[in-house]
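Q: sequence plus predicted model, see below.
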Amino acid sequence: MSIKVPESDWFKPPTGSERLWVGVALVWCIVMFLAMPYWHFKGKQNSTGESYAVTPAEFMERVNRFVETNKVGEENGIPIVEPSPGGDAYMVGQMWRWYPILKLKEGQTYRLHISSVDLQHGFSVLPININFQALPGYDHVLTLTPTSKGVFQVICNEFCGIGHHLMTGRIIVE
Amino acid sequence: MGNFLEGRYRTCNTTGLPVCLDAQFFIRAHAVVAVVFFLIGAVAALLLALTRWSAVHLLSAMWFYRVLTLHGLNMLIFWIIFFEIAILYFAGTSLLNTRLFSRRVGWVAFVLMVVGASMVNYIVLIGKGDVLMTSYVPLKAHPLFYLGIIFFAVGTLIAVFNFFATIYIAQRDKTYQGSMPLVAFGALAAAIIAVLTLLHGATVMIPSFLWSLGLIENIDAGWYRLVWWGLGHPSQQINVAAMVAVWYFLATLTTGAKPLNETVCRVAFVFYILFINLASAHHLLVDPGLNASWKIWNTSYAMYLAVLASMIHGFTVPASIEVAQRLKGFTRGVFNWLTSAPWGDPGFASMFLSIVIFGFIGGITGVTIGTEQINIIAHNTLRIPGHFHGTVVGGTTLAFMGLTYYVVPLIFQRDFYFKKLARIQPYIFASGVVLLSLGMSFAGSYGVPRRHWDVNFTGAPLSAGFDAAAHFMLGLLGIGGILTFTGALIFILLTVAAVFFGKSVAGQPFSGWQPAEKFKLSMEIFARKKDETFEAIAHKVPGTVVLVFVLLISFMVYYFANWKALADVWFVR
């Protein structure tokens, strides 16, 4: 009993409604588990965590090379970069910007590498609301296919110091 | 037979339980300190709500993050763990009919906890620890920040040791016959989870401390997150286990309820111990470094048995109340037992509202956003605090408030002033939390980030922002925050007034919240053996069945709606 010792024969299976509920709840819990492997194979949105070790300096070098090779314009002095469809794209989080601006094509698939060169950052694309973590030392590869056109905002949703709210970026999908 | 020392115990005039006076001292000390930290956290909460409400935007960026750090640590760690240790002192002694193992050990634990918590708060307030509660590396705080947390954790471990040692001497002296009471069992589950949690804490905080001193060069950001969340989320499961134990306790005290089936309740507590760590993976679902199989397995252990445990308690507690009420003669219809429950008793109201908010808001949202793929549209948005304000504030804190309405008269032996205010306090607090949590959750659905000072991104080189609907939800958050704070403040003032200036009720039975004869009837129902009448009513509890199926249907709707929302976003692997 709750505040007194129970009867000595308390060890017995549930009966009636209680038994029904335990059974129904267990089935629901198993359904919720099965939904994940199902979506992993059948669904289009997954978090596979593909990643490789990289030092911040190395990653920055790759970003710069990517910008140099694929730059197609500028906005507010920030390069706009258009990777080739099916190819690699880079976006680096640093205090306090997402760099560079990406120009992608609707329906094309890209290997988008995100990482941080200082603190932890949160890669958040709005208004579609996709969120992934960017960590220093990790090259996090998202195999991404934009399915809608427009100008999308990238913001940081992991606290990264006093200028956290200034950290923005952009993805343009045509 | 009890093993109390001569003159070091008394018998409670209300419940008939023995009270070890040494344990009583520590219950009082920990409860008072808990409320002090709760006050700090609550003032911080108000300031934060008034900043996130974009039309008000009260604090500066620097103070927002500083106050946010303060709020997280004081609410999630200090208030709750101090209160839980108070519960351990009570459950370990009174319920097991034993004296406390050691006063000295109790003092060491208490002093370490107070010193640690004060150090952390001092460092944060002087601006040397603007790292938020998670202190994610490479964000760096002053070494004393980490040391304070280590002190607090070690103090807590020592207090938990005192609890285990108390159980040991109770066993040795055979102070009770058979299995321990369920509430003590729940407290034991909480204590075991606390040990697991604090070991994770040591694993991550000791290297962080050495790193802040410059003795370790580098801490891997992914490793830190993995281990820190072994502290961060399971520490909230100490709360869940303790909260459920409090539900059972208050259900008994306010209605005379007792569990239908002890085995089911106890196995559910064991599930918490074995499987609760799955929740720590919920924070890593969109992290690099961990693959899909790791994420899918660790976020569920294949069948979410910790979730099953909560779904079980969500049935057994109302069901036990339903049976007790029906035994009292409230047998009409499906819900007469519930409508005739003692809603004016703040202990009962807090407990029942806590169950409802924990289940419908905290539970449903938590399991859904802790689904591997759905986390993509939830991670680090305001949906996350929307979830855990439903569990920790609407669930745990409200339950602990309900318990306080009995701790003050029974342990402090003081009476409350302004009882009418106390009777409505749980409703004010609960409605505030509901608004707050819904405001956060819906704002989060638009992608509004958590832990963010300015969602208008004023001054950012590339503009960003949200539409009016998201700002409306942030307004809801603000209003909910004000209401919750009002409820919290009423609670604090009533408690402080009663503890320090209340009339003594020592030596007399307490029935301040319900008429004496109702309380007597409840205790009589509780003391009755489980006879055939009991079993017959317990076999089918129609009211509770309706309630839990409403929960399940809401759960399913919310869960599948989220899969639908996920299916609409860009393709990503």
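A: On my side now, so go ahead. Residues are numbered from 1 along each chain as shown, chains lettered A, B, ... in the order given.

Q: and the next helix or strand past the helix or strand hosting residue B:123?
A: Assessed by DSSP states H and E, residue B:123 sits inside helix B:103-125. Scanning forward in sequence from helix B:103-125 by DSSP H and E, the next helix or strand is helix B:143-172.

Q: can you list the buried residues in that following helix?
A: For helix B:143-172, the neighbour count (16 or more other CB atoms under 10 Å in any protein chain shown) marks B:143-163, B:166-167, B:169-170 as buried. For glycine as for every other residue, the C-beta is placed from the backbone atoms N, C-alpha and C.

Q: tell me the buried residues in the top helix by length along chain A?
A: Across chain A, the longest stretch assigned as helix under DSSP state H is helix A:16-42. By neighbour count, with 16+ other CB under 10 Å as the criterion, the buried positions of helix A:16-42 are A:16-18, A:20-22, A:25-26, A:28-29, A:32-33, A:35-36, A:39-40.

Q: ok, back up a step: and the buried residues of helix B:143-172 near chain A, which?
A: When CB under 8 Å from any CB of the partner chain is applied, no member of the buried residues of helix B:143-172 is adjacent to chain A.

Q: returning to what we had before: check which helices and strands the helix holding residue B:123 sits against.
A: Helix B:103-125 sits against helix B:21-52, helix B:61-72, helix B:80-93, helix B:143-172, with contacts defined as 3 or more CB pairs under 8 Å, 6 or more residues apart in numbering or on different chains; DSSP states H and E.

Q: compile those helices into CSV and extend it with columns for distance to residue A:151 and mean pLDDT.
A: Output for the helices and strands packed on helix B:103-125, formatted as CSV (distance: least, CB to CB, whole Å; pLDDT from 0 to 100):
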stretch, distance to residue A:151, mean pLDDT
helix B:21-52, 26, 97
helix B:61-72, 26, 98
helix B:80-93, 44, 96
helix B:143-172, 41, 97
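
Q: okay, those in JSON lines with distance to residue B:221 next?
A: Below are the helices and strands packed on helix B:103-125 laid out as JSON lines (distance: least, CB to CB, whole Å):
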{"stretch": "helix B:21-52", "distance to residue B:221": "26"}
{"stretch": "helix B:61-72", "distance to residue B:221": "19"}
{"stretch": "helix B:80-93", "distance to residue B:221": "27"}
{"stretch": "helix B:143-172", "distance to residue B:221": "16"}
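
Q: so which of those gets nearest residue A:134?
A: helix B:61-72 (19.4 Å; CB to CB).

Q: quick test: name the residue nearest the centre of chain B.
A: residue B:396 (2.8 Å; CA atoms, centre = their mean).

Q: and the helix or strand following the longest helix of chain A, what's buried?
A: Using DSSP H and E, the helix or strand that follows helix A:16-42 in sequence is strand A:51-53. If you call a residue buried by 16+ other CB under 10 Å, then strand A:51-53 has these buried ones: residue A:51.

Q: do any residues in strand A:51-53 lie close to chain B?
A: Yes - Strand A:51-53 lies within reach of chain B by CB under 8 Å from any CB, at residue A:51.

Q: the residue nearest to residue A:127 when sequence neighbours are not counted: what's it in contact with?
A: Distance criterion CB to CB, 6 or more residues apart in numbering or on different chains; nearest residue to residue A:127, sequence neighbours excluded, is residue B:447 at 6.1 Å. Residue B:447 makes contact with A:124, A:126-129, A:131, B:381, B:466, B:470, according to CB atoms under 8 Å, 6 or more residues apart in numbering or on different chains.

Q: can you pull out the low-pLDDT segments for the stretch 101-250 of chain B?
A: For the stretch 101-250 of chain B, no stretch has pLDDT under 70.

Q: is chain A within reach of whichever strand or helix holds residue B:491?
A: Secondary structure from DSSP H and E places residue B:491 in helix B:468-501. No - using CB under 8 Å from any CB, helix B:468-501 never reaches chain A; the gap is at least 9.1 Å.

Q: in that helix, what counts as buried?
A: In helix B:468-501, counting by 16+ other CB under 10 Å, buried: B:470-471, B:473-478, B:480-492, B:494-495, B:498-499.

Q: so what's residue B:121 up against?
A: Counting by CB under 8 Å, 6+ apart, residue B:121 touches B:40, B:70, B:73-74.

Q: going by distance to residue B:125, which of those residues wins?
A: Among the contacts of residue B:121, and counting by CB to CB, the member closest to residue B:125 is residue B:70, at 7.0 Å.

Q: let me see the contact set for that closest one.
A: With CB under 8 Å, 6+ apart, residue B:70 has these contacts: B:40-41, B:44, B:121, B:124-125.

Q: also residue B:375?
A: A:47, A:131, B:282, B:285-286, B:369.

Q: and if you look at residue B:327?
A: B:256, B:525, B:528, B:533-534, B:537.

Q: go again with 10 Å.
A: B:255-257, B:337, B:521, B:524-526, B:528, B:533-534, B:537-538 (CB atoms under 10 Å, 6 or more residues apart in numbering or on different chains).

Q: now do residue B:421
A: Residues in contact with residue B:421 (CB under 10 Å, 6+ apart) are B:346, B:428, B:490-491, B:493-494.

Q: which residue is the nearest non-sequential neighbour of the residue sitting furthest away from the middle of chain B?
A: Most distant residue from the mean C-alpha position of chain B: residue B:461, 41.2 Å away (CA atoms, centre = their mean). In space, and not counting its chain neighbours, residue B:461 is closest to residue A:76: 5.5 Å by CB to CB, 6+ apart.

Q: run the chain-centre distance for stretch B:211-222.
A: 32 Å (CA atoms, centre = their mean, to the nearest Å).
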